[in-house]
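**Student:** predicted model and sequence below, questions to follow.
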Amino acid sequence: MHIRPENNNDHQAISVLIQDAFKNEIHSDHREHLLVERLRRSAAFIPELSLVAELDQQIVGYILLTRIHIASPLSGAVSSLALAPVAVSPSYQQRGIGSRLIQYAHDRARDLDFGSVVVLGHEDYYPRLGYKMAKTYGISLPFDVPEENCMVIELQEDALMGHSGQVIYPKEFME
């Protein structure tokens, strides 16, 4: 498997992949592909953190990390990243592709000096990759979702120390 940054020629394949990956998800609005399109045009977009996984020159996985902030009443805002979405083609799921994409994205984010990642996701999946409940850090999301699905990982030791507060997503997440 080869992981690389997306390029403009990948957009259609990524859109189809995301739609296929989420079509049977109960907790989905089935508009994740549209979120990706909006985020690509936003100031939150980081080209180095929009990644595809290829097997036999076919895109079988995708991940996007975008800029967010955690607004702390005491220490101001701290930069972080949002993981949304990660998608693997249904015929390639359960093979570790999603986990490898996430780990690779974490490494690239660390290289870019980001200290943490926030995700709204499956409570059984993300803890295996080191994510902890956001409330452990005193971090909340700006919408009503179950606490067990709101998670954070520190990419750098103590990156969130003293930075509790609410996640501030780019407006593109709310459209």
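**Tutor:** Now that the structure is in, tell me what you want to look at. Numbers count the residues shown, from 1 in each chain.
**Student:** what about residue 100, which SS state?
**Tutor:** helix (DSSP: H, G, I helix; E, B strand; the rest coil).
**Student:** er, residue 91 actually
**Tutor:** Going by three-state DSSP: residue 91 is helix.
**Student:** for residue 63, same thing?
**Tutor:** Under three-state DSSP, residue 63 comes out as strand.
**Student:** for the residue lying closest to residue 150 once chain neighbours are set aside, which residues are in contact?
**Tutor:** In this structure, residue 150 finds its nearest non-sequential neighbour in residue 134, 4.2 Å apart by Cβ to Cβ, 6 or more residues apart in numbering. Backbone N, C-alpha and C define where each C-beta goes, glycine included. Listed by Cβ atoms under 8 Å, 6 or more residues apart in numbering, the contact set of residue 134 reads 118, 140, 141, 147, 150, 151, 152, 167.
**Student:** from residue 34, how far off is residue 134?
**Tutor:** To residue 34, residue 134 is 25 Å away according to Cβ to Cβ, to the nearest Å.
**Student:** likewise for residue 19?
**Tutor:** 10 Å.
**Student:** phi, psi for residue 167 please.
**Tutor:** Residue 167 adopts backbone torsions of phi -70, psi 130, taken as degrees, to the nearest 10.
**Student:** surely it meets residue 79?
**Tutor:** No: using Cβ atoms under 8 Å, residue 167 is not in contact with residue 79, being 11.5 Å away.
**Student:** list the residues that contact both of the two?
**Tutor:** 68, 69.
**Student:** got the contact list for residue 63?
**Tutor:** Residue 63 sits in contact with 49, 50, 51, 83, 85, 86, 87, 98, 101, 102, 104, 105, where contact means Cβ under 8 Å, 6+ apart.
**Student:** and the contacts of residue 134, which are buried?
**Tutor:** 118, 140, 141, 150, 151, 152, 167 (16 or more other Cβ atoms under 10 Å).
**Student:** before we move on, back to that, can you put the contacts of residue 134 in a markdown table and add distance to residue 45 and pLDDT?
**Tutor:** Shown next, in a markdown table, are those (distance: Cβ to Cβ, whole Å; pLDDT from 0 to 100):
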| residue | distance to residue 45 | pLDDT |
| --- | --- | --- |
| 118 | 16 | 98 |
| 140 | 24 | 95 |
| 141 | 20 | 95 |
| 147 | 28 | 94 |
| 150 | 23 | 97 |
| 151 | 22 | 98 |
| 152 | 21 | 98 |
| 167 | 17 | 97 |
